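Participant: my questions concern the predicted model and sequence given below.
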Amino acid sequence: MVSKDQRRRQLAREKFERQQQRRSAAQRKTKRRNVITASAVAVALAAGGAVYASAGLAGGGTSDRAAADGAPSKAPDPCARPAKGAPSAKTWKKEPAMSLDTSASYSAKLATTCGTIELKLDAGKAPHTVNSFAFLAGQGYFDHSKCHRLVDEGLHVLQCGDPKGTGQGTPGYTIPDENLKDPRLKGGVYPAGTVAMANRYDGRSKETRNTGGSQFFLVYQDSKLPPNYTPFGTITGGMDVLRKIADAGSHLDQAIRATVPNATVVINRATVKKS
C-alpha cells in the first residue's frame with residue numbers, strides 16, 4: 001500500500017516531469033521560430049521576398065531568450081545616437097549603367113553610430129555588384145538607414161542596406177549573382193570578414209536567382225552557408241565594431257519576423273572611393 005509521503009513524492013515527480021516537457025516544447029518552438037532566412041538562409045539573407053530555410057539556427061544563449069520573448073536587452077546601448085536625417089525613399093527602374101573601372105581598386109567606408117567599418121570591394125570579381133553598391137552610396141541611399149538584422153546563433157552576420165528597415169526594401173532593380181565560385185567560399189563557409197549580397201533565392205526555383213538589390217551582410221565570424229550570395233568585398237577595418245554590436249545581442253521583432261540588434265546600428269553615411 002502506498003503511503004501518503006510516497007504519494008506526495010510521486011505527484012511532485014509527475015508535476016516536475018510535466019514542467020520539463022512543457023519547457024522542452026517551448027524551447028523547440030523557439031528554435032523553430034528562430035530558423036533564419038538564409039540558412040535560415042534565411043534570416044540574414046533574404047532580401048525583400050521569399051525565404052529559403054536550408055538550416056535551422058537554434059540557440060539557448062542570452063540572445064535567444066531575448067528573441068523568444070521579443071524583449072530587447074536592458075543593457076546600455078553601446079552605440080551613439082543617429083545623425084539627423086531621414087532614410088532614402090529613392091528607387092530606380094533599372095540597374096545603373098556600368099561606370100566601374102574593373103582594373104582599379106575600390107574601398108568603402110560605413111560611418112555608423114557604433115563606429116566606422118571599412119571595406120575593400122572586389123570590382124574585378126563582382127563588377128555589377130560593386131558598380132551598384134557604389135552608385136547607391138553616391139546617391140545617399142544607405143545614409144540614415146538601420147542595419148535591421150543581426151544573426152548571432154549559427155550564422156554570425158549583420159545585415160544592412162534597406163532604408164525601410166524591414167528587410168523588404170529594394171532599390172527598384174535587381175543585379176545578377178556573381179563570384180559564387182570564389183575559392184574563399186570553399187566548404188560552404190563564408191569566412192569572417194566577408195561582405196556579401198542578400199537576395200531572394202528560395203533554394204528551389206532558378207527564377208529566384210539574380211535577385212540581389214541593395215541589402216548586404218557583414219560576416220563577423222565564420223558562417224556555414226551555401227554559396228548562393230555574391231561575395232563582393234572584405235572587411236578591412238571595424239571588426240571590433242561588429243563584435244561590439246554582436247555582444248549587445250538581438251531580440252525578435254515580430255513585425256518583421258527577424259532578430260534585430262539590441263544596439264542602435266544606423267549607417268550615418270556610406271562612401272565609396274576609387275584608388
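Facilitator: Structure received. Remember, predicted model here, so these are calculated numbers, not experimental data.
Participant: for the rest of this, base every contact and every neighbour count on C-alpha atoms.
Facilitator: Noted.
Participant: show the low-confidence segments of this structure, by residue range.
Facilitator: 1-2, 4, 6, 23-45, 48-74 (pLDDT under 70).
Participant: what lines up beside the longest strand belonging to the chain in the sheet?
Facilitator: Longest strand of the chain, by residue count under DSSP state E: strand 266-274. Within its sheet, strand 266-274 is paired with strand 106-112 (antiparallel), strand 145-146 (antiparallel), according to DSSP bridges.
Participant: of those, which is nearest Gly233?
Facilitator: Closest approach to Gly233 among the strands paired with strand 266-274 is made by strand 106-112 (8.8 Å; Cα to Cα).
Participant: what's the first helix or strand after that closest one?
Facilitator: Once strand 106-112 ends, the next helix or strand along the chain (criterion: DSSP states H and E) is strand 115-121.
Participant: returning to what we had before: out of the strands paired with strand 266-274, which is the most enclosed?
Facilitator: Most buried of these, by mean neighbour count (mean count of other Cα atoms under 10 Å): strand 145-146, with a mean of 26.
Participant: from the contact counts, what lies against the helix or strand just after that strand?
Facilitator: Later in the chain than strand 145-146, the nearest helix or strand by DSSP H and E is strand 149-151. Judged by 3 or more Cα pairs under 8 Å, 6 or more residues apart in numbering; DSSP states H and E, the packing partners of strand 149-151 are strand 157-160, strand 258-261.
Participant: in TSV: those, plus distance to Thr129 and mean neighbour count.
Facilitator: Formatted as TSV, the helices and strands packed on strand 149-151 follow (distance: least, Cα to Cα, whole Å; neighbours: other Cα atoms under 10 Å):
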stretch	distance to Thr129	mean neighbour count
strand 157-160	15	27
strand 258-261	25	27
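Participant: please convert those to CSV, extending it with distance to Gly212.
Facilitator: Listed next are these as CSV, based on distance: least, Cα to Cα, whole Å:
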stretch, distance to Gly212
strand 157-160, 13
strand 258-261, 19
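Participant: wait, which of those strands is closest to Leu225?
Facilitator: Nearest to Leu225, of all the helices and strands packed on strand 149-151, is strand 157-160, at 11.1 Å by Cα to Cα.
Participant: the longest strand of the chain relative to strand 115-121, how many degrees between them?
Facilitator: 30 degrees (axes from the mean of the first three to the mean of the last three Cα atoms, to 10 degrees).
Participant: and Leu242, helix, strand or coil?
Facilitator: Following DSSP: H, G, I helix; E, B strand; the rest coil, we place Leu242 in the helix state.
Participant: show me the helices in the protein, by range?
Facilitator: Here the chain has its helices, by DSSP state H, at 4-33, 37-40, 62-69, 127-138, 239-247.
Participant: ok, and for the fourth one, which residues are buried?
Facilitator: If I follow you right, that is helix 127-138. Applying a neighbour-count criterion of 16 or more other Cα atoms under 10 Å, one finds Pro127, His128, Thr129, Val130, Asn131, Ser132, Phe133, Ala134, Phe135, Leu136, Ala137 buried in helix 127-138.
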